[in-house]
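Asks: Got a sequence here, can you model it:
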Amino acid sequence: MKTKSPALATILGAFIPGSGHLYVERYASGAWYLVLFLVILPALVQGWTAYAIASGQYEGSNGFLMLVGASSLIIWTFSLYSVYVDARQYNERAKLENKKCPHCAEFIKAEAAICRYCQQPV
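Replies: Residues are numbered from 1 along each chain as shown. Below you'll find the predicted structure:
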């Protein structure tokens, strides 16, 4: 299992929420953040705006939109922290499951007695 870059995971998550989680193979979290930011929050904003325009209360009714915006920023920041921690945990698991062959420097299973690449005992 190869390691994943926490910096790359965080950058991916910053531009497309959930993509960093998908990169570190946290598929449920990645799907949740993608759906939240690409479907649920835009639907809330669009629904509120349509309601406010239809009811004639659009002027001065930005409190809800500010609340959604502030909540989105908090959730987005948490998702960046979460993906960074997930990438570090992924790398810790990878280090426990693999080791580097002292002869050819390829990664092999930690339990391996013979390297599958160079056939040398490790």
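
Asks: burial count for the closest residue to Tyr117 other than its chain neighbours?
Replies: Spatial nearest neighbour of Tyr117, excluding adjacent residues (CB to CB, 6 or more residues apart in numbering): Glu106 at 4.4 Å. Heads up, the C-betas are built off the backbone N, CA and C, glycines and all. Using other CB atoms under 10 Å, Glu106 has 12 neighbouring residues.

Asks: Give me the phi and psi for the residue of the chain positioned farthest from its centre.
Replies: The outermost residue of the chain, judged against the average C-alpha position, is Gly56 (39.7 Å), by CA atoms, centre = their mean. Note on Gly56: its backbone torsions stand at phi 80, psi 20 [degrees, to the nearest 10].

Asks: For it, give its distance to Ala28.
Replies: Separation of Gly56 from Ala28 (CB to CB, to the nearest Å) stands at 42 Å.

Asks: got it, and Gly13?
Replies: With the distance defined as CB to CB, Gly13 ends up 15 Å from Ala28.

Asks: ok, the two, which is more surrounded?
Replies: Comparing Gly13 with Ala28 by neighbour count (other CB under 10 Å), the higher total belongs to Gly13, at 27 against 8.

Asks: what about the more buried one, which SS state?
Replies: Remark: Gly13 carries the secondary structure label helix [criterion: DSSP: H, G, I helix; E, B strand; the rest coil].

Asks: What's the per-residue pLDDT of the residue most central in space within the chain here?
Replies: Residue closest to the average C-alpha location in the chain (CA atoms, centre = their mean): His21, at 2.4 Å. At His21, the model reports a pLDDT of 96.

Asks: right, and it touches Asp86 too?
Replies: Yes - A contact is recorded between His21 and Asp86 when judged using CB atoms under 8 Å, the distance being 6.5 Å.
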